[in-house]
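> pasted the sequence and its predicted model underneath.
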Amino acid sequence: MRILLLGQHGQVSRELQLLLGSRHELIVLGREQLDLADTERLREAIRRLQPELIINAAAHTAVDAAESEPEAAFAINALAPGVLAEEAAALDVPLIHYSTDYVFDGSKPTAYDEDDVPNPLGVYGRSKLAGEQAITAVGGKHLILRTSWVYSLHGRNFLLTMQRLLQEREQLKVVADQIGAPTWAGSIAAATVQLIERWQNQQTAAWGIYHFTAHGETSWFGFTEAIAAQLLAQGKSVAALTPIATTEYPTPARRPLNSRLDCTRLERDWGVRLPDWHDGLLQCLNSPR
């Protein structure tokens with residue numbers, strides 16, 4: 001199958017390339033080849049390539065930077081997905097698009113399901129929600145997969161930052177009142193491949209929005225404790241950890257305190273379940289770099 005993958009160097013894209021590259025004709029377009037903000041070139045590329053499936057793993061993910069550059073965030077996170085949906089519908093092929101827990105404000109006391117009304121706190125969340133709405137408005141065959149707290153052994157992410165800081169510092173303060181599910185990019189890619197195979201085998205085609213995170217929950221502090229435990233198991237010394245409140249670590253963009261997403265619908269409709277976050281962390285740390 002000819003698959004067009006948007007995004008080249010991102011965490012999820014890198015893992016998708018590892019899993020899909022040997023099975024399909026995979027065409028990868030990163031920002032060096034195509035600026036997603038250039039919607040006319042984006043349309044031309046899709047019409048020229050005639051893919052049988054489009055996966056959008058590209059996004060403006062700099063949450064704090066988005067506050068000062070909303071036009072760039074909306075161009076990539078909202079306008080481009082709408083164009084992708086239009087061109088996918090014209091070709092009658094599916095679009096798989098990744099979204100985020102940041103479409104919610106985090107005020108719900110329990111996990112969010114797909115029927116909960118979004119209420120993003122900042123520019124990043126608003127731009128991602130606008131992308132979801134653009135895709136939904138077009139209709140067609142699409143999966144919008146909301147994930148959270150993505151990390152891997154590549155790029156810039158919480159896991160790599162904490163591994164470094166834990167070994168550099170004697171004391172480390174980490175936010176303990178934001179709750180969610182750290183989700184390995186490799187788990188996201190593997191579950192995406194499962195979705196593709198179920199569609200190809202005509203097992204299901206329940207298009208729409210799905211929550212798509214690791215199972216279980218923890219805080220950023222709890223995630224850091226798990227990272228520290230792995231370093232200690234390797235005989236490395238780590239910083240002493242202190243839990244703090246979000247209010248003690250101000251950032252340009254507000255973060256939701258509750259990022260828990262209920263993934264029951266994904267398992268019911270598609271038979272796909274991502275691993276528990278503890279297992280995902282171990283799989284990540286044991287995966288080849």
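Right, received. Where do you want to start? Numbers count the residues shown, from 1 in each chain.
> going forward, measure contacts and count neighbours with C-alpha atoms only.
OK.
> who touches the closest residue to Pro94 other than its chain neighbours in this structure?
With sequence-adjacent residues excluded and distances taken as Cα to Cα, 6 or more residues apart in numbering, Pro94 is closest to Lys141, at 4.6 Å. By Cα atoms under 8 Å, 6 or more residues apart in numbering, the residues touching Lys141 are 88-89, 92-95, 207-208.
> name the nearest of those residues relative to Gln8.
Leu95 (16.9 Å; Cα to Cα).
> beta partners of that closest one?
Ile54, His142 (DSSP bridges).
> for stretch 168-184, which positions count as buried?
172, 174-184 (16 or more other Cα atoms under 10 Å).
> ok, which stretches of the stretch 51-200 of the chain are helices?
63-66, 70-74, 80-91, 123-138, 158-168, 185-200 (DSSP state H, counting those that start in this stretch).
> mean confidence score for the shortest one?
To tie it back to what came earlier, the one meant is helix 63-66. For helix 63-66, the mean per-residue pLDDT is 94.
> distance check, the closest residue to His215 other than its chain neighbours against Gln133.
Ranked by Cα to Cα, 6+ apart and with sequence neighbours excluded, the top spatial neighbour of His215 is Asp276, at 4.2 Å. Separation of Asp276 from Gln133 (Cα to Cα, to the nearest Å): 29 Å.
> what residues sit buried inside stretch 20-38?
For stretch 20-38, by 16+ other Cα under 10 Å, it's 20, 26-30, 36-37.
> and what of stretch 6-23?
Under the neighbour-count criterion of 16+ other Cα under 10 Å, stretch 6-23 has 6-17, 19-20 buried.
> could you check how far the spatially most central residue of the chain is from Gln194?
Central residue of the chain (Cα atoms, centre = their mean): Thr147, 4.6 Å from the mean position. Thr147 sits at a distance of 16 Å from Gln194 (criterion: Cα to Cα).
> same thing with Arg14?
Where Gln194 is concerned, Arg14 sits at a distance of 17 Å (Cα to Cα).
> ok, Leu257 - how many residues close by?
The burial count assigned to Leu257 is 19, neighbours taken as other Cα atoms under 10 Å.
> so what's it closest to, chain neighbours aside?
Closest to Leu257 by Cα to Cα, 6+ apart is Gln178, at 4.2 Å.
> about what we covered before: just give me the closest of the buried residues of stretch 6-23 to Phe223.
Ranked by distance to Phe223 (Cα to Cα), the buried residues of stretch 6-23 are led by Gln11 at 18.4 Å.
> is Asp64 in contact with Gly125, as I believe?
No: applying Cα atoms under 8 Å as the test, Asp64 and Gly125 come out as separate, 10.9 Å apart.
> looking at these two, which is more packed in?
Between Asp64 and Gly125, Gly125 has the larger neighbour count (other Cα under 10 Å), namely 27 against 16.
> from Glu15, how far off is the more buried one?
24 Å.
> same deal with Lys108?
From Lys108 over to Glu15 (counting by Cα to Cα), the distance is 32 Å.
> same question for Pro118.
Pro118 is 28 Å from Glu15, by Cα to Cα.
> cool, Gly155 as well?
12 Å.
> cool, and Pro70?
Taking Cα to Cα, one finds Pro70 at 28 Å from Glu15.
> next: Asp279.
In terms of Cα to Cα, Asp279 sits 17 Å off from Glu15.
> now Pro288
Pro288 is 11 Å from Glu15, by Cα to Cα.
> next: Pro182.
Noted for Pro182: a distance of 16 Å to Glu15, by Cα to Cα.
> again with Phe158
17 Å.
> likewise Ala191?
Distance of Ala191 to Glu15, given as Cα to Cα: 11 Å.
> next: Asn201.
Counting by Cα to Cα - Asn201 and Glu15 are separated by 23 Å.
> cool, and Pro250?
32 Å.
> residue ranges with poor pLDDT in the stretch 151-289 of the chain?
Residues of the stretch 151-289 of the chain meeting the criterion pLDDT under 70: 289.
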